[in-house]
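Asker: After the sequence you'll find the predicted model.
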Amino acid sequence: MIGETTVLITGKRGNGKSLKAVGLMKQEIAAGRPVFASNFNGLRVQGVQVLDNPREWESLPTGSILFVDEAQRFWRSRRSGDPPAEVQAMETQRHLGITIVLLTQQPTYLDKHIRGLVDLHHHLMLEVGGKASRMWTWKRCMDDPEDATTRSEADQSVFLFPSSDFADYDSAEVHTIKPKVPRKLKLVAVSLIVLAGLFWFAIHRAHSIGGKPSGETRDQAGVPAVGGTPADPVRSGKRTISYATAEEYIHQVTPRIPAAPWTAPAFDGRQVVADPRVFCMSSSAGVDASGTVRDETCSCVTEQGTTYAMPVKSCAQLAAQGEIYNPFRKPEVERLAVNEDPPPVDAPADTPTLSGGNSQPFGTLASYGTLDAK
């Protein structure tokens with residue numbers, strides 16, 4: 001049973017205002033309360049009495065409840081002046097035990113004096129699908145129920161449209177107003193479609209990479225196609241490599257050592273085409289040419305110019321003694337045969353040498369001093 005004195009139900013056409021009112025009428029009839037209604041089109045709720053002029057609400061029996069549809073037709077918002085007598089009387093309607101439920105599209109359509117008397121406000125907005133509305137409820141009238149801050153102060157609920165109540169009144173709104181899909185929901189749907197497309201592309205790409213003929217994926221050095229393994233080498237002819245899931249493909253192309261991409265399982269079958277070489281330079285502790293004290297250092301690089309990490313002791317040994325013997329390295333004559341006519345390299349006429357200055361020796365391969373041409 002409704003305990004408030006003045007109740008306001010707002011919402012756009014077809015958002016369920018009349019359905020909400022019909023449900024409340026049946027609730028109040030079940031509670032044994034006299035129920036009256038004004039301005040409802042074809043209302044057929046058993047037990048509801050019609051009041052032709054809602055401005056005569058003071059004539060209703062004590063304890064009655066009056067429902068007024070499109071209430072702005074009777075109490076439209078005024079610019080100035082004193083409110084009508086029946087509106088002023090609403091200030092004390094509690095003494096008569098009468099409740100008035102007003103329905104309108106926007107709160108500001110109603111007389112400001114009435115809005116100030118509202119002690120329960122429901123605002124309805126149609127949900128996607130047209131079978132329910134989201135309902136915001138306040139303990140007073142909110143002039144702008146669409147405002148986000150205002151809605152954050154409300155109690156929220158979902159009003160499911162009872163299909164049985166559609167037969168209790170005539171409303172063309174229910175059949176003509178089509179629910180619109182919210183823009184945020186559209187964006188979510190588009191995002192899901194894009195993600196699905198990317199997932200399909202990843203799977204398709206995995207199949208494409210694995211399904212190329214091995215002859216097309218070899219380079220001039222005879223490197224086998226990606227995806228071959230030592231236990232299952234890539235043979236001449238066509239071979240299909242496929243992955244059941246995107247996770248499996250990701251595993252195949254993820255390096256075991258993050259800094260070394262070629263350590264991914266997909267490259268396990270590739271042949272080694274280079275003989276690694278390491279060159280090191282060390283400097284012992286001392287004072288450099290600028291007079292700054294330096295600690296002992298040692299660093300190494302490969303033949304590709306990349307930094308190579310090595311224990312300091314081994315680094316210093318290579319810096320002092322040079323490379324160790326490599327039985328896998330091709331003989332110099334065989335390597336030079338690759339280039340039949342290597343370009344001549346002329347030594348400079350004057351070779352720079354280091355002559356000692358006032359600084360102390362500062363390394364095995366280098367010491368700090370002045371650079372002179374002798």
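Answerer: Looks like it arrived, so ask away. Numbering: from 1, shown residues only.

Asker: Please count neighbours and contacts with C-alpha atoms only from this point.
Answerer: OK.

Asker: Provide the count of other residues in contact range of the residue nearest to residue 111 when sequence neighbours are not counted.
Answerer: Nearest residue to residue 111, sequence neighbours excluded (Cα to Cα, 6 or more residues apart in numbering): residue 77, at 3.8 Å. Per other Cα atoms under 10 Å, the neighbour tally for residue 77 reads 18.

Asker: same thing with residue 2?
Answerer: 14.

Asker: close enough to count as contact, it and residue 28?
Answerer: Yes - counting by Cα atoms under 8 Å, residue 2 touches residue 28, with 7.5 Å between them.

Asker: can you pull the contacts of the residue nearest to residue 111?
Answerer: 108-112 (Cα atoms under 8 Å, 6 or more residues apart in numbering).

Asker: Go again with 6 Å.
Answerer: The contact partners of residue 77, by Cα atoms under 6 Å, 6 or more residues apart in numbering, come to 109-111.

Asker: and what of residue 9?
Answerer: Applying Cα under 6 Å, 6+ apart to residue 9 gives the contacts 103, 121-123.

Asker: let's go with 7 Å and repeat that
Answerer: Residues in contact with residue 9, defined by Cα atoms under 7 Å, 6 or more residues apart in numbering, are 17, 102-104, 121-123.

Asker: Please tell me which one of those counts the most neighbours.
Answerer: Of the contacts of residue 9, with other Cα under 10 Å as the count, residue 123 tops at 29 neighbours.

Asker: Is residue 63 within a helix or a strand, and which one?
Answerer: Taking DSSP states H and E as the definition, one finds residue 63 inside no helix or strand.

Asker: and if you look at residue 140?
Answerer: Counting by DSSP H and E, residue 140 is part of no helix or strand.

Asker: before we move on, what about residue 49?
Answerer: Counting by DSSP H and E, the element that carries residue 49 is strand 48-50.

Asker: what's the offset of that strand from the middle of its chain?
Answerer: With Cα atoms, centre = their mean, to the nearest Å as the basis, strand 48-50 stands 53 Å off its chain's centre.

Asker: The very next helix or strand once past that strand: which residues count as buried?
Answerer: Following strand 48-50 in sequence order, the next helix or strand is strand 65-68 (DSSP H and E). Residues 65-68 are the ones in strand 65-68 that count as buried (16 or more other Cα atoms under 10 Å).

Asker: Report all helices and strands that the very next helix or strand once past strand 65-68 contacts.
Answerer: Later in the chain than strand 65-68, the nearest helix or strand by DSSP H and E is helix 85-89. Under the contact definition 3 or more Cα pairs under 7 Å, 6 or more residues apart in numbering; DSSP states H and E, helix 85-89 sits against no other helix or strand.

Asker: Contacts for helix 85-89, please.
Answerer: Outside helix 85-89, the residues within contact range by Cα under 7 Å, 6+ apart are 55, 114.

Asker: For it, list every residue counted as buried.
Answerer: Here helix 85-89 shows residue 87 as buried, counting by 16+ other Cα under 10 Å.

Asker: CA atoms only: put that helix into PDB for me.
Answerer: Extracted as PDB, the C-alpha positions of helix 85-89 are listed here (Å, rounded to 0.1, in the frame of the first residue of the first chain):
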ATOM      1  CA  ALA A  85      -7.100  26.600  -5.000                       C
ATOM      2  CA  GLU A  86      -7.000  22.800  -5.500                       C
ATOM      3  CA  VAL A  87      -3.200  22.900  -5.800                       C
ATOM      4  CA  GLN A  88      -2.900  24.900  -2.600                       C
ATOM      5  CA  ALA A  89      -5.200  22.400  -0.900                       C
END
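
Asker: quick one: average pLDDT of it?
Answerer: In this model, helix 85-89 has a mean pLDDT of 95.

Asker: pLDDT score for residue 289?
Answerer: With respect to pLDDT, residue 289 has a value of 69.

Asker: Then residue 140?
Answerer: You'll see residue 140 listed with a pLDDT of 97.

Asker: which one among the buried residues of strand 65-68 gets closest to residue 84?
Answerer: Set against residue 84, the nearest of the buried residues of strand 65-68 by Cα to Cα is residue 68 (17.0 Å).

Asker: is that closest one in a bridge, and if so with what?
Answerer: Beta-bridge pairing of residue 68 under DSSP bridges involves residue 38, residue 102.

Asker: My understanding was that it contacts residue 75; is that so?
Answerer: No - if you go by Cα atoms under 7 Å, residue 68 and residue 75 don't touch, sitting 10.6 Å apart.

Asker: Report the contact partners of residue 45.
Answerer: residue 168.
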